[in-house]
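Asks: coordinates only, sequence not included:
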């Protein structure tokens, strides 16, 4: 299977919270990242978490890490139409490699 | 300051032709990465350059793909005898270095080159 897996689509109503989930396979992953890609643009780092943390909050973004289950989530509070984008989960450190491995991306669609 | 730039933004070519894609990283960034993004797929790692070290070519899908980085700055990804399955967006990223003992090193991505092979 894929090293990093995430669902492909998520649709939410403006103002609701969005939760994007990701699972990874290698427990030696050291850093876990969330990137955002807007149409026609490259990826932009939103936030990252070190593997010895279980939560990180930054304004409307909350990252939760369950290292036992190798599960990472990104919660966006008060989702806005400008949050519509593709969100990529990535990890680095697995197997001693610090080149990030990315998931396929989750397309977040925010509708009024 | 300037971010990562890539050229061309779009490239349409015929099957069998060679193409060159260019990446200008952020000045001072020692690490440079090439990825391929196909429709519905994640980012597929292709190649990684770090300073003067030998590049990590472990992600190159075939010997038709090659890349070089001149003077530790600009990089060129070359695809020879292009095939239709090479059609994708090719993304370049740069960073100050690698994560690990030095801490996380954010990758900065360019806008990509969309390659279409007819």
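Replies: Perfect, thanks for sending it. Keep in mind the model is a prediction, meaning the values are calculated, not measured.

Asks: and residue A:85, how far from residue A:112?
Replies: 17 Å (Cβ to Cβ, to the nearest Å). (Each C-beta comes from the backbone N, C-alpha and C, glycine too.)

Asks: and these two? Which one has more around it.
Replies: For residue A:85 versus residue A:112, the count of surrounding residues by other Cβ atoms under 10 Å in any protein chain shown is larger for residue A:85: 21 against 6.

Asks: next up, the contacts around the more buried one.
Replies: By Cβ atoms under 8 Å, 6 or more residues apart in numbering or on different chains, the contact set of residue A:85 is A:36-39, A:107-108.

Asks: any weak-confidence spans in chain A?
Replies: For chain A, the stretches flagged by pLDDT under 70 are A:1-2.

Asks: find the nearest non-adjacent residue to the residue of it found nearest chain B, please.
Replies: Chain A approaches chain B most closely through residue A:42 (3.1 Å), counting by Cβ to the nearest Cβ. Excluding the flanking residues, the one nearest residue A:42 by Cβ to Cβ, 6 or more residues apart in numbering or on different chains is residue B:109, at 3.1 Å.

Asks: who are the contact partners of that neighbour?
Replies: A:35, A:42-44, B:4, B:91-93 are the contacts of residue B:109 under Cβ under 8 Å, 6+ apart.

Asks: swap in residue A:73?
Replies: Taking Cβ under 8 Å, 6+ apart, one finds A:19-22, A:63-64 in contact with residue A:73.

Asks: quick one, strands of chain B?
Replies: Using DSSP state E, the strands found in chain B span residues B:5-7, B:10-13, B:19-24, B:31-37, B:43-50, B:65-69, B:75-79, B:88-95, B:108-109, B:113-117.

Asks: would TSV of those with mean pLDDT and distance to residue A:99 be doable?
Replies: Below are those laid out as TSV (pLDDT from 0 to 100; distance: least, Cβ to Cβ, whole Å):
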stretch	mean pLDDT	distance to residue A:99
strand B:5-7	96	19
strand B:10-13	97	25
strand B:19-24	97	16
strand B:31-37	93	7
strand B:43-50	91	6
strand B:65-69	96	14
strand B:75-79	98	15
strand B:88-95	94	10
strand B:108-109	91	14
strand B:113-117	96	20
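
Asks: redo the ones you listed as JSON lines? Include distance to residue A:14.
Replies: Converted to JSON lines, the strands of chain B look like this (distance: least, Cβ to Cβ, whole Å):
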{"stretch": "strand B:5-7", "distance to residue A:14": "33"}
{"stretch": "strand B:10-13", "distance to residue A:14": "32"}
{"stretch": "strand B:19-24", "distance to residue A:14": "37"}
{"stretch": "strand B:31-37", "distance to residue A:14": "28"}
{"stretch": "strand B:43-50", "distance to residue A:14": "28"}
{"stretch": "strand B:65-69", "distance to residue A:14": "42"}
{"stretch": "strand B:75-79", "distance to residue A:14": "40"}
{"stretch": "strand B:88-95", "distance to residue A:14": "29"}
{"stretch": "strand B:108-109", "distance to residue A:14": "27"}
{"stretch": "strand B:113-117", "distance to residue A:14": "30"}
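
Asks: between the ones you listed, which one is nearest to residue A:79?
Replies: strand B:108-109 (23.2 Å; Cβ to Cβ).

Asks: residues contacting residue 16?
Replies: Chain wasn't specified; assuming chain A. Counting by Cβ under 8 Å, 6+ apart, residue A:16 has contacts residue A:79.

Asks: right idea, wrong chain: chain B
Replies: Residues near residue B:16 by Cβ under 8 Å, 6+ apart: B:81-82.

Asks: that'll do, ta.
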